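**Q** Return atomic coordinates for the entry below.
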Amino acid sequence: MTLAATPRTEPMLPRPFEVTGRVLETEDTVTLQLHSPEAPLRYRPGQFTMLYAYGVGESAISISGDPGNPELLQHTIRKVGATTNALFDARPGDAVGVRGPFGTAWPTDRDDGSDLLVVAGGIGLAPLRPAILDALAHRDRFGSVSILYGARTPADLLFEEDLHAWRARFDVETEVTVDQPLRGWNGDVGVVTTLMRRVEFDPERTLALVCGPEVMMKIVARELAGIGVPADSVFLSIERNMKCAIGFCGHCQFGADFVCKDGPVMPYSAVARRLGIAEI
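**A** Reported below is the predicted structural model:
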């Protein structure tokens, strides 16, 4: 399918992208590779777009690709409703609308020699993947780099090629665990927080990036605070009810903040009291 190249500047008007690749990550999760006939969509690690399935609707999806290669836009999508089901079913040659990028970014441009700790749960590895790729591309910015990843079962692990590649590096510590082992699994079993004892980092000089189910992020952030990691050095990806992405509709209001504009990446120091409160 050939898409016409036309300039797009309106934040509510999707740009047409063509699906050029599709990788099935798990039975219900897919990574789509998208290409635009216009200029590449440049973004920072942690930002999201609104993906539009023509004739169905749109959904906020974090970008999961390499920010150093904006020509290849990637999104990892789990099917949970009508729009994500339609996006999951997209095939090479299909058209997808894209608005964005929107939101705040992981602070991987920090250049003070901090240790970097990345903690991901389930599909939370997808929003963190651009931060990991950016950090590894600029490895000299950090002291130690540790990646901790937990999933429900081995069949739910994302980006297995990346995990193997990160584990093969001598300058990165990568640990993976699952809640429920399947036959043939020889790795760790347990919650992701148990992996923090495996890796070395200086709590007072650590930048922690955390993404996963909200209850998991709350527990990880509390444990990090308990061992001395400053609350303003722990960053979470808060993704709640984003509809318009420009702070107009109010669906994603989170206390005094709008997640689409003030997030999704926010320091734990700013959201600690609000985490876990379903009403806001």
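
**Q** Shouldn't Gly124 be within a helix?
**A** Yes - read with DSSP: H, G, I helix; E, B strand; the rest coil, Gly124 is one of the residues of a helix.

**Q** Do you know the pLDDT at it?
**A** Listed pLDDT for Gly124 reads 96.

**Q** so how many other residues sit close to it?
**A** By other Cβ atoms under 10 Å, 25 other residues sit near Gly124. The way it works is simple: take the backbone N, C-alpha and C, and place the C-beta from them, glycine included.

**Q** mind listing what it touches?
**A** The neighbourhood of Gly124, defined by Cβ atoms under 8 Å, 6 or more residues apart in numbering, consists of 210-213, 216-217, 237.

**Q** Please repeat the previous calculation with a cut-off of 10 Å.
**A** Residues near Gly124 by Cβ atoms under 10 Å, 6 or more residues apart in numbering: 62, 149-151, 158, 192, 210-213, 216-217, 236-237, 239.

**Q** Tell me the one among these nearest to Tyr52.
**A** Proximity to Tyr52 was ranked across those by Cβ to Cβ; first place goes to Ser62, at 15.7 Å.

**Q** With Ile77 as the reference, measure out to that closest one.
**A** Ser62 sits at a distance of 10 Å from Ile77 (criterion: Cβ to Cβ, to the nearest Å).

**Q** any shared contact partners between those two?
**A** Joint contacts of Ser62 and Ile77 (Cβ under 10 Å, 6+ apart) are 123, 126.

**Q** Now do the helices in the chain.
**A** 82-88, 125-137, 160-168, 214-226, 259-262, 268-271 (DSSP state H).

**Q** which one of those helices has the lowest average pLDDT?
**A** The bottom spot among the helices of the chain, by mean pLDDT, belongs to helix 259-262, with a mean of 79.

**Q** What is the neighbour count of Asp188?
**A** 15.

**Q** Surely it touches Leu195?
**A** Yes - using Cβ atoms under 10 Å, Asp188 makes contact with Leu195 at a distance of 7.0 Å.

**Q** Throw the helices of the chain into a markdown table and include distance to Leu117, thanks.
**A** As requested, those are exported to a markdown table (distance: least, Cβ to Cβ, whole Å):
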| stretch | distance to Leu117 |
| --- | --- |
| helix 82-88 | 30 |
| helix 125-137 | 11 |
| helix 160-168 | 14 |
| helix 214-226 | 8 |
| helix 259-262 | 23 |
| helix 268-271 | 13 |
